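J.: the following comprises the amino acid sequence and a computationally predicted model.
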Amino acid sequence: MRRDPGRRRPLRQGHDSPGSPGTGPGRAPELLVLVCSVAAAAVAVAQPLVLGRTLDLLLHDGAAGPWLLASAALLVGEIVLDGLTALLTGRCTADWTASIRSRALKGLLHAVPDLARPHSPGDVATRLTLNASDAGAAPAARAALAASLLTPAGALVALAVVDVWVAVCVLTGLPFLALVLRAFARDTGASVGAYQRVQSDIASRLLETMEGAETIAAAGTAARERERVLGPLAELGTLGTRMWRLHGRALATGGVLVPLLTVAATAVGGLRLGAGALSVGELLAVCRYAQLAAGFGGAATLVGALVRGRRARERTATLERLPALAYGTRTLPPAGPGTLELHDVRVLREGTEVLRADHVVVPGGLTAAVVGRSGAGKSVLAAVAGRLIDPDQGEVLLDGTPLGLLTRSCLRAEVGFAFARPVLGDRTVAEAVAAGPRTVSPHQVRAAVRLADAEAFVRRLPRAYDTRLADTPLSGGEYQRLGLARAFAHAGRLLVMDDATSSLDTATEHAVEQAQRRSPRGATRLVVAHRPSVAARADLVIWLDDGRVRAVGSHRRLWEEAAYRAVFGACGNGVGPVSAEDGPGGTRHGRTGLPREEARP
Ligand SMILES: Nc1ncnc2c1ncn2[C@@H]1O[C@H](COP(=O)(O)OP(=O)(O)OP(=O)(O)O)[C@@H](O)[C@H]1O
């Protein structure tokens, strides 16, 4: 049965996902910073003029009272505006940081898991913490930089009003300062990008080390590991030194140019005073304006913050843009049996075909074991069957509907997953089992925990179902059983279990399976299995070999093939499937009259 490949849902960019938190806090916080900074700049520009006039009036016994008041008001205004600017800058930075972080996290969580995998946990942590806060600081820095450029411009205009010759003198020096700033922005950009990359590299190595702490301790490789984690530190140091050197060089150049300009302006002003063209107060104003016009240090720091923020934003945006799955608008008819079909399915990774399934059908309500050697493509098949990833070609149908046409909520409610290493979060046991696409009552939580054979150990926990998982050390098998309980609690018509019982002993695994079979909420099950006993109890087996579905059939029949037996390390002549476990699998096939078999030896 060929399907129209055009109906396959395309991937879409993560930042277009419905319900995304928008484009951030908008321009308002940045505008407020800009308005406040501009007002502070205006006050700074007005101050020398008013102070100069006040001084002149005081020197000549004029009525200086209102000017003194104006000077005091400007001083207070400057202090208030500076405080307000700092407050608004903090607010703007916090809002943007939170928004950037949340969008990056959303992009990451909605991404096709396979495509997000190249980002290691350390890399993601760096992007969501350091990079997000650097990126969040950029809008306020941009506003402050715009305002900080207004101050020299205003000062220059005021200078021209007071004395055009001093203005010309200052104007000749400004292009040099602009050139220094430009070179600083350009050179520092490359170093900042590399610095952030190395920071992320160190974080990745550190987290890998923490995850592998037991292996490292057992292998006695702590010293080597320490060297590996800190390896990029030398490069980080070099890049850091380079950035500080660039900053220092820019400030030093500005530090020479600014006093030179001020001295030159003062000298010209002095000459104009001698010529009677300027008063003493105007000379004071001219000197102050020359300093403001050459205001450089603040601008260099803001340029640095802006460059750092831009680079950091590129890094967080990478997470936002991770491709996500697009969902359809269809739902499944109620009470379908859960028949799963794979038609002409191909999955490619890095140009290599890692899964090829031409025609596989798992009839509703039955259990299919997926077996094959390590790397044969079992997890890829499980992911495709539950639409964690889309096949590059072909189609997967549940009760006749292509998975790609289903709404997200329908898909996640009808297809459940249980993994070898479930992630249950820092919740209580009850909350962890209840978390999922359906609303689950406490009664259903307990029923699911019983199904997963987890009730006995949950009852022994300090606060039973109310025990926080972070507060209690659980064994791998116990943790796995809680993952299973969660999957059972939310069971829809298809349950995909990818190595989900690998940490359980055989008896517990069997008990879980039996309990589930007795459960009134029957579902089709796709079970990635390594043990022959699981394959033997399954209704049918999907045998994968080197990324290809080699055969679909009963364990009993497949066991006749030496290559199949070799999957389980059994080299005998195929006298019987797996003696102790033989019964259930074999007889069940007889009862169901199963299903379409497809043997491709
Ligand atoms: N995202 C990916 N990028 C590149 N290769 C991948 C990716 N995902 C899977 N593969 C490759 O596909 C093949 C099948 O992987 P899969 O995880 O399905 O194997 P498996 O049968 O589940 O193995 P195991 O029993 O060891 O878990 C492997 O060779 C794996 O390297």
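T.: Okay, I see it.
J.: what does the stretch 51-200 of the chain put close to the ligand?
T.: Asp114, Arg117 (Cβ under 6 Å from any ligand atom). Any C-beta I mention is one placed from the backbone N, CA and C, and that applies to glycine too.
J.: cutoff 5 Å now
T.: Asp114 (Cβ under 5 Å from any ligand atom).
J.: so which residue of the stretch 51-200 of the chain comes closest to the ligand?
T.: Using Cβ to the nearest ligand atom, the closest approach of the stretch 51-200 of the chain to the ligand is made by Asp114 at 4.2 Å.
J.: neighbours of the closest residue in space to Val429 that isn't next to it in sequence, how many?
T.: Closest residue to Val429 in three dimensions, ignoring its sequence neighbours and counting by Cβ to Cβ, 6 or more residues apart in numbering: Tyr465, at 4.9 Å. Tyr465 has 19 neighbours, counted by other Cβ atoms under 10 Å.
J.: give me the pLDDT for Tyr465.
T.: In this model, Tyr465 is scored at 91, pLDDT.
J.: returning to that earlier point: element containing the residue of the stretch 51-200 of the chain closest to the ligand?
T.: helix 113-116 (DSSP states H and E).
J.: now find how far off-centre that helix is within its chain.
T.: Here helix 113-116 is found 11 Å from its chain centre; the criterion is Cα atoms, centre = their mean, to the nearest Å.
J.: in it, what's buried?
T.: Ala116 (16 or more other Cβ atoms under 10 Å).
J.: neighbouring contacts of that helix?
T.: By Cβ atoms under 8 Å, 6 or more residues apart in numbering, the surrounding residues in contact with helix 113-116 are Leu108, Leu322, Pro323, Arg349, Ala383, Leu388, Ile389.
J.: the first one touches Val124, doesn't it?
T.: Yes. Judged on Cβ atoms under 8 Å, Leu108 makes contact with Val124 at a distance of 6.5 Å.
J.: hey, what's in contact with both of those two?
T.: Leu319.
J.: find the closest residue to the ligand in the stretch 201-350 of the chain.
T.: Arg349 (3.5 Å).
J.: about what we covered before: so which of the contacts of helix 113-116 are in helices?
T.: When the contacts of helix 113-116 are checked against helices (DSSP state H), the matches are Leu108, Ala383.
J.: out of the contacts of helix 113-116, who's nearest Thr439?
T.: Nearest to Thr439 among the contacts of helix 113-116, counting by Cβ to Cβ, is Leu388 at 23.1 Å.
J.: check contacts around the closest one.
T.: Val112, Pro113, Asp114, Phe417.
J.: repeat the analysis, applying 10 Å as the threshold.
T.: For Leu388, the contact set (Cβ atoms under 10 Å, 6 or more residues apart in numbering) comprises Val112, Pro113, Asp114, Leu325, Ser379, Val380, Ala382, Val415, Phe417, Val496, Asp498.
J.: quick check on the residues you listed: which are buried?
T.: Neighbour counting by 16+ other Cβ under 10 Å classes Val112, Leu325, Ser379, Val380, Ala382, Val415, Phe417, Val496, Asp498 among the contacts of Leu388 as buried.
J.: give me the phi and psi angles of the nearest residue to the third one once chain neighbours are set aside.
T.: This points to Ser379. Leaving aside its chain neighbours, Ser379 sits nearest to Asp498 (5.5 Å; criterion: Cβ to Cβ, 6+ apart). Main-chain dihedrals, Asp498, degrees, to the nearest 10: phi -100, psi 100.
J.: surely Asp498 meets Phe417?
T.: Yes. Applying Cβ atoms under 10 Å, one finds Asp498 in contact with Phe417, separated by 7.0 Å.
J.: overlap of the contact sets of the two?
T.: What both Asp498 and Phe417 touch, as defined by Cβ under 10 Å, 6+ apart, is the set Ala382, Ala383, Ala385, Gly386, Leu388, Leu526.
J.: the third one touches Leu342, doesn't it?
T.: In other words, Ala385. Yes. Under the criterion of Cβ under 10 Å, Ala385 makes contact with Leu342 at 7.0 Å.
J.: quick one: which of these two has more around it?
T.: Per other Cβ under 10 Å, whichever of Ala385 and Leu342 has more neighbours is Ala385, with 29 against 22.
J.: ramachandran angles for that one?
T.: phi -60, psi -30.
J.: list the residues that contact it.
T.: 340-342, 345, 357, 360, 362, 368, 370, 391, 396, 398, 403, 415, 417, 494, 496, 498, 524, 526, 542.
J.: what average pLDDT does the lengthiest helix in the chain get?
T.: Of all the segments of type helix in the chain, defined by DSSP H, the longest one is helix 164-211. For helix 164-211, mean pLDDT is 84.
J.: and for stretch 250-269?
T.: Stretch 250-269 comes out at a mean pLDDT of 78.
J.: what's the answer for stretch 511-520, then?
T.: Stretch 511-520 comes out with an average pLDDT of 67.
J.: domains in this structure, by residue range?
T.: 13-324, 340-599 (automatic domain parsing).
J.: how about those domains in JSON lines, adding distance to Pro334?
T.: Below are those laid out as JSON lines (distance: least, Cβ to Cβ, whole Å):
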{"stretch": "domain 13-324", "distance to Pro334": "25"}
{"stretch": "domain 340-599", "distance to Pro334": "10"}
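J.: and of those, who's closest to Leu332?
T.: domain 340-599 (5.6 Å).
J.: if we can go back for a sec, tell me what the residue nearest to Ser379 is bridged to.
T.: For Asp498, the beta-bridge assignment (DSSP bridges) gives partners Phe419, Val528.
J.: do you know how far it is from Val256?
T.: Computed as Cβ to Cβ, to the nearest Å, the Asp498 to Val256 distance reads 66 Å.
J.: before we move on, what about Arg315?
T.: Distance from Arg315 to Val256, by Cβ to Cβ: 35 Å.
J.: more crowded one of these two?
T.: Taking other Cβ under 10 Å, Arg315 and Val256 do not tie; Arg315 has more neighbours (22 against 12).
J.: any residues of the stretch 251-400 of the chain in contact with the ligand? List them.
T.: Arg349, Val354, Ser374, Gly375, Ala376, Gly377, Lys378, Ser379, Val380.
J.: swap the cut-off to 8 Å and go again
T.: Proximity of the stretch 251-400 of the chain to the ligand, by Cβ under 8 Å from any ligand atom, involves residues 347, 349-350, 352, 354-355, 372-383.
J.: returning to what we had before: can you show me the CA trace of the helix or strand following the longest helix of the chain as CSV?
T.: As assigned by DSSP H and E, the chain's next helix or strand after helix 164-211 is helix 213-219. Taking Å, rounded to 0.1, in the frame of the first residue of the first chain, the C-alpha atoms of helix 213-219 are listed here in CSV:
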residue,chain,number,x,y,z
ALA,A,213,32.6,10.0,37.6
GLU,A,214,32.2,6.3,38.4
THR,A,215,34.0,5.1,35.3
ILE,A,216,36.8,7.6,36.0
ALA,A,217,37.2,6.5,39.6
ALA,A,218,37.2,2.8,38.5
ALA,A,219,39.7,3.4,35.8
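J.: which strands and helices sit next to helix 213-219?
T.: For helix 213-219, the packing partners by 3 or more Cβ pairs under 10 Å, 6 or more residues apart in numbering; DSSP states H and E come out as helix 164-211, helix 222-230.
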